[in-house]
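> I need the structure of the sequence given here:
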Amino acid sequence: LIPPPSFVLILSAEQFVKMGSREVLQVFETYQKARIQFVQKVADLSSRPQNVEALQNADVMSLLRPLLLDNVPSIQQSAALALGRLANFNDDLAEAVVANGILPQLVYSLAEKNRFYKKAASFVLRAVAKHSPQLAQAVVDSGALDALVGCLEEFDPSVKESAAWALGYIGRHNAELAQTVVDAGAVPLLVLCVQEPELTLKRIAACSLSDICKHSPELAQAVVDAGAVAYLAPLIQSVDGKLKRHVCAALAQVAKHSVELAEVVVEAEVFPKILTCLKDTDVQVRRNAATCVREVAKHTPELARLIVNAGGVTAMVDFVNETKGNARLPGIMTLGYISAFSETLAMGVIVNKGVSPLLDALVREPEDHIKAASAWSLGQIGRHSPDHAKALAVQNAFAKLLAVYLNDESSEDLKTKSKRALKAVISKCTHLDALEPLLSDAPVNILKYVVHQFAKVLPHNVEARRAFVTSGGLKKVQEIQAEPGSKLREYVDQINVCYPEEIVRYYSPNYSQTLLEKLDGFQPSS
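Numbers count the residues shown, from 1 in each chain. Model prediction:
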């Protein structure tokens, strides 16, 4: 049967509508594919530094911004990822993110979108905040803190990681920004993150807590009040090197501010466990552990003695012996802090052979600030008594300190610390054999301390007086050009009084000339 013409026309109309709908849908599908392809390609290109300038010149920010609000989640996430990578590259691009008004969009979406978007948005906020206090403040001003703190309560650990990382980057710049992070309620949640089983989350949370508490005692107290130390301290025995780095750093940042905070760290039973970290295979773990020990040791004799009793001096001497460069610095300073408190503690450093590695650092380290720390620590060890000074003298410390002091290339700080160490130790030294070479080598401002020691010792020691003559020391003293009325002149005269006038004249520089003049005027009797 042949259908009527009207039925044929109806079928044709339906087919036409279907064909039209398909064509319209195809346009939208093509547009969506193009957006996906574009944003994924930009995200890929932005991961390579050589492409960043070209993307910036193409005004990619203004093209990515509307895609953050796209109705396709994968496009939103890729757009945020691309922006994060660009902002991470340098502060100019991070400022461009701020200038384009992108931050409020990200913050708004943090509370609404899925976990993948939250991770990407947190990455952008971190990438912007990391560059400078001003950019971190811009992130705070956009209202990001509350949204980031909310992300710390998410179920997904990767979302918590991204949020904790961003909060740490905001808080690390200065005390004001760190305080805003504390005021937003982040610290208790970061402490909870430390207790999570995921290693990466533990690391980032510990790092963020360290960044917050480093600025002031008040901020460190806020971290302590949240119970952080009790959960951080056991983690110094973790098998994960990166986690140990951040934990040791966080404990050091707490301990450095005050005696009370240092005692909180000690009460968490970190000693002697943390001393095992000084032998860790990871250089940064060793350095951060040494820094933590230093920050505890510097406060009081009691805390220094606790470290000594835990075997800390032996461990620290080994650490300074085995390390080189900047990693050595906290160990060098720890030995100085411990020695500074009492002659007993300083003698403990000497007995544990702590002088030798300090002298090695003074001579061999290329950086002046490490040499200066070594000079300071040597001064703290040797300044207590003649026995302490002798321990340095027999290892030729005076000549090495003097060489550093006289070196024209030494920094002013290094020269100052070397000079102070020389004065402090020489003033206690009665080992005259070690002092004698300084009579000819030392400049006047050091020489007066050397001569003073001879002036103090020689009047009471017959053997020393004889040895001083036979070694040529008295002759060197007579050659000193001391101004009349000066302290140096006074000390020289005190030495001369210890000897018969004939001997003093004999060793005077002009004595031979005086004898020749007498010879010229001498008339033998016929």
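> where does R466 land in three-state SS?
helix (DSSP: H, G, I helix; E, B strand; the rest coil).
> do you know how far it is from C498?
11 Å (C-beta to C-beta, to the nearest Å). Every C-beta, even on glycine, is put in place using the N, C-alpha and C of the backbone.
> of the two, which one has the most company?
C498 (20 against 10; other C-beta atoms under 10 Å).
> what's the more buried one sitting at in phi/psi?
For C498, the backbone dihedrals (degrees, to the nearest 10) come out as phi -80, psi -10.
> ditto for T276
T276 adopts backbone torsions of phi -70, psi -30, taken as degrees, to the nearest 10.
> for the closest residue in space to it that isn't next to it in sequence, grab the count of nearby residues.
Distances taken as C-beta to C-beta, 6 or more residues apart in numbering put Q237 closest to T276, at 7.8 Å, once the chain neighbours are dropped. Q237: 13 surrounding residues under other C-beta under 10 Å.
> my guess is Q237 contacts K273, does it?
Yes. The criterion here is C-beta atoms under 8 Å, and Q237 meets it with K273 at 5.9 Å.
> contacts only, for the closest residue to R465 other than its chain neighbours.
Among residues not flanking R465 along the chain, L458 sits closest, at 5.2 Å (C-beta to C-beta, 6+ apart). Residues in contact with L458 (C-beta atoms under 8 Å, 6 or more residues apart in numbering) are A464, R465, F468, I495, C498.
> need the buried ones from those residues selected in ChimeraX.
Buried subset of the contacts of L458, written as a ChimeraX selection, criterion 16 or more other C-beta atoms under 10 Å:
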select :464,465,468,495,498
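> check the contacts of L458 and tell me the two furthest apart.
A464 and I495 (11.1 Å; C-beta to C-beta).
> for the stretch 201-350 of the chain, just list every one of the strands.
Assigned by DSSP state E, counting those that start in this stretch, the strands in the stretch 201-350 of the chain number zero.
> where does pLDDT dip in it?
Regions of the stretch 201-350 of the chain meeting the criterion pLDDT under 70 are absent.
> helices of that one, residue ranges please.
217-225, 228-232, 241-255, 259-267, 273-276, 283-297, 301-309, 312-322, 329-341, 343-351 (DSSP state H, counting those that start in this stretch).
> repeat for the stretch 401-526 of the chain
412-426, 432-435, 438-441, 444-457, 462-470, 473-478, 487-496, 501-506, 511-520.
> need those helices in TSV (columns: distance to L278).
Below are these laid out as TSV (distance: least, C-beta to C-beta, whole Å):
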stretch	distance to L278
helix 412-426	25
helix 432-435	32
helix 438-441	36
helix 444-457	36
helix 462-470	43
helix 473-478	44
helix 487-496	45
helix 501-506	56
helix 511-520	60
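> which of those comes out lowest on mean pLDDT?
The stretch with the lowest mean pLDDT among these is helix 511-520, at a mean of 57.
> for A163, the count of nearby residues, please.
When neighbours are counted by other C-beta under 10 Å, A163 comes out with 32.
> can I get the helix or strand it falls within in PDB? Just the C-alpha atoms.
Of the helices and strands defined by DSSP states H and E, A163 is found in helix 157-171. Listed next in PDB are the C-alpha coordinates belonging to helix 157-171 (Å, rounded to 0.1, in the frame of the first residue of the first chain):
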ATOM      1  CA  PRO A 157      43.800  12.900  52.500                       C
ATOM      2  CA  SER A 158      45.000  14.500  49.200                       C
ATOM      3  CA  VAL A 159      42.700  17.500  49.700                       C
ATOM      4  CA  LYS A 160      44.000  17.900  53.300                       C
ATOM      5  CA  GLU A 161      47.600  17.800  51.900                       C
ATOM      6  CA  SER A 162      46.900  20.600  49.400                       C
ATOM      7  CA  ALA A 163      45.100  22.700  52.000                       C
ATOM      8  CA  ALA A 164      47.800  22.200  54.700                       C
ATOM      9  CA  TRP A 165      50.600  23.000  52.200                       C
ATOM     10  CA  ALA A 166      48.800  26.300  51.200                       C
ATOM     11  CA  LEU A 167      48.300  27.300  54.800                       C
ATOM     12  CA  GLY A 168      52.000  26.600  55.500                       C
ATOM     13  CA  TYR A 169      53.100  28.800  52.600                       C
ATOM     14  CA  ILE A 170      50.900  31.600  53.900                       C
ATOM     15  CA  GLY A 171      52.200  31.400  57.400                       C
END
